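Novice: A structural model of the following input is requested.
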Amino acid sequence: MRFLSALFTILLALFLFAGDAVVAQTATPQPLSKRALRKQDNQECTQQAAQQNIVRRNLAEFVRKCMADRQAARKKQGADDSRVKRGMAIEEGKAILDVRNRERNEQLEKEAAKRAD
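Specialist: Next comes the predicted model:
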């Protein structure tokens, strides 16, 4: 009896761990916060300054400009994405209206045919 309960416990633990692994693999990553993005930009720009051998007295200006450029690129990408989504929504809305109008016209034609008979 002890053997069966131990086997059951081990199998249950394996299923739980396997289930957690599946959930962990399918979870979508969360977008970074503004603070995390600024920190990441600062690190990237500092590394870029080191690669370009920027003098220390010009380092702050270089990093500030680099971070502003990266932020502007992110904002532009976000604006482009939202513009594309908006365009897709408009196209889908038009398609839905076309289908509804076609169905309504068919229904009206059927009703007219019934009245004619």
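
Novice: May I have the secondary structure class of Asn53?
Specialist: Per DSSP: H, G, I helix; E, B strand; the rest coil, the local secondary structure of Asn53 is coil.

Novice: what sits against it?
Specialist: Listed by C-beta atoms under 8 Å, 6 or more residues apart in numbering, the contact set of Asn53 is empty. Placement of C-beta: from N, CA and C, glycine included.

Novice: What of Arg64?
Specialist: Counted by C-beta under 8 Å, 6+ apart, Arg64 has zero contacts.

Novice: let's see 10 Å
Specialist: Shown in contact with Arg64 (C-beta atoms under 10 Å, 6 or more residues apart in numbering): Asn42, Cys45.

Novice: Let me know the helix or strand that Ala95 is in.
Specialist: Ala95 is located in helix 56-116, with elements delineated by DSSP states H and E.

Novice: Can you give me the distance of Ala13 to Ala6?
Specialist: Relative to Ala6, Ala13 is positioned 11 Å away (C-beta to C-beta, to the nearest Å).

Novice: hang on, I meant Ala79
Specialist: Separation of Ala79 from Ala6 (C-beta to C-beta): 60 Å.

Novice: repeat for Gln71
Specialist: Distance of Gln71 to Ala6, computed by C-beta to C-beta: 57 Å.
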